[in-house]
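J.: A predicted structure for the sequence below; I have some questions about it.
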Amino acid sequence: QVKSENRKAIWDTEEVPEGSEFDDTWDPREQPEYEILFKQCVGTEDVFFGMSGKDPSTACCEDIVIKIKLPETKYSDITLDIQEKVLDLRTPKKKLLLHLPYPVNSKEGRARFLSEEEILEVTLRVSRKFDFINFA
């Protein structure tokens with residue numbers, strides 16, 4: 001039983017994965033190496049006393065840091081687009097379409113290019129619902 005509003009449609013909108021509009025299988029550029037790190041703000045009350053209830057899991061992290069290796073790339077050649085669940089990076093030689101593990105606030109992110117190491121470091125604020133762990 002198909003619950004489609006338009007009987008002529010060949011698929012339903014729920015069947016199309018989020019971020020698939022960015023996919024480009026015909027693009028010959030290679031994917032750069034990248035690393036995803038999670039960052040959380042902790043104080044002495046967390047480290048020594050465990051008063052806030054935070055643990056080392058990614059559920060307690062406030063930021064996602066993505067380090068992308070871009071050898072032989074200039075800062076002016078980088079095009080970066082951040083959506084709620086997708087990071088899209090394009091350079092003349094490299095292309096990265098990264099589906100993020102958590103939804104992020106694309107307006108509060110920041111990026112910096114470390115030219116000596118040839119690494120782009122993108123820091124994104126995780127936007128998650130408040131629960132018993134994330135209450136601040």
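T.: Noted; the coordinates are in hand.
J.: Which parts of this structure are strands?
T.: Secondary structure of the chain by DSSP state E: the strands cover 34-39, 63-69, 79-82, 86-90, 95-99, 104-114, 119-126.
J.: Quick one, which of those gets closest to Pro28.
T.: Among the strands of the chain, the nearest to Pro28 by C-beta to C-beta is strand 95-99 (9.0 Å). Heads up, the C-betas are built off the backbone N, CA and C, glycines and all.
J.: what's the weakest-modelled helix or strand in this protein?
T.: The weakest-scoring helix or strand in the chain, judged by mean pLDDT, DSSP states H and E, is helix 44 (a mean of 72).
J.: Centre of the chain to that one, how far?
T.: 29 Å (C-alpha atoms, centre = their mean, to the nearest Å).
J.: for stretch 94-108, same thing?
T.: Offset of stretch 94-108 from its chain centre (C-alpha atoms, centre = their mean): 3 Å.
J.: mind checking the end-to-end distance for that stretch?
T.: Using C-alpha to C-alpha, to the nearest Å, the end-to-end distance of stretch 94-108 comes to 25 Å.
J.: Now the strands of the chain in TSV, please, with extra columns for mean neighbour count and mean pLDDT.
T.: Compiled in TSV, the strands of the chain are given as follows (neighbours: other C-beta atoms under 10 Å; pLDDT from 0 to 100):
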stretch	mean neighbour count	mean pLDDT
strand 34-39	14	93
strand 63-69	18	95
strand 79-82	15	93
strand 86-90	20	93
strand 95-99	18	91
strand 104-114	14	91
strand 119-126	19	94
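J.: JSON lines please, covering those and showing distance to Glu14.
T.: As requested, these are exported to JSON lines (distance: least, C-beta to C-beta, whole Å):
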{"stretch": "strand 34-39", "distance to Glu14": "27"}
{"stretch": "strand 63-69", "distance to Glu14": "26"}
{"stretch": "strand 79-82", "distance to Glu14": "24"}
{"stretch": "strand 86-90", "distance to Glu14": "18"}
{"stretch": "strand 95-99", "distance to Glu14": "17"}
{"stretch": "strand 104-114", "distance to Glu14": "23"}
{"stretch": "strand 119-126", "distance to Glu14": "25"}
